[in-house]
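*Asks:* Predicted model and sequence below, questions to follow.
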Amino acid sequence: MCESNVYLKHGDKEELVMENVAAITPADNGVYVLRGLLGEVKEVKGILADINLMAHRIVFTHAS
């Protein structure tokens, strides 16, 4: 499986936004639409900071 977990970084802490994300689509104004393996959908607003496919981690930070 190739799904990843998506996190939103707040300073030194990371908040898990969604598990088993299969697709990420950019929308307007720094919003990204996350789609899960089972069809769930969630939005996150921020700046894409890190993608580590080997660790199955995608990290966003807050937009300034």
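*Replies:* Yes, it's here.
*Asks:* ok, the residue nearest the centre of the chain - contacts?
*Replies:* Centroid-nearest residue in the chain: residue 6, 3.5 Å away (criterion: Cα atoms, centre = their mean). Counting by Cβ atoms under 8 Å, 6 or more residues apart in numbering, residue 6 makes contact with 16-18, 21, 24, 34, 44, 58-60. Just so you know, the C-beta spots here come from the backbone N, C-alpha and C atoms, and that holds for glycine as well.
*Asks:* how about a cut-off of 6 Å?
*Replies:* 17-18, 21, 34, 58 (Cβ atoms under 6 Å, 6 or more residues apart in numbering).
*Asks:* Would you report the backbone torsion angles of it?
*Replies:* phi -110, psi 130 (degrees, to the nearest 10).
*Asks:* How many residues are close by residue 45?
*Replies:* Residue 45: 13 surrounding residues under other Cβ atoms under 10 Å.
*Asks:* How about residue 28?
*Replies:* Neighbour tally, residue 28, other Cβ under 10 Å: 5.
*Asks:* State the distance from it to residue 7.
*Replies:* Using Cβ to Cβ, to the nearest Å, one gets 22 Å for the distance from residue 28 to residue 7.
*Asks:* List the beta-bridge partners for residue 48.
*Replies:* Beta-bridge partners of residue 48, counted by DSSP bridges, are residue 60.
*Asks:* Number of residues surrounding it?
*Replies:* Neighbours of residue 48 (other Cβ under 10 Å): 15.
*Asks:* Tell me the predicted confidence for it.
*Replies:* Predicted confidence (pLDDT) for residue 48: 96.
*Asks:* about what we covered before: closest one of the contacts of residue 6 to residue 11?
*Replies:* Set against residue 11, the nearest of the contacts of residue 6 by Cβ to Cβ is residue 17 (15.9 Å).
*Asks:* Now do the contacts for that closest one.
*Replies:* 6, 8, 44.
*Asks:* Nearest to residue 50 among the residues you listed?
*Replies:* Closest to residue 50, out of all of the contacts of residue 17 and judged by Cβ to Cβ, is residue 6, at 10.8 Å.
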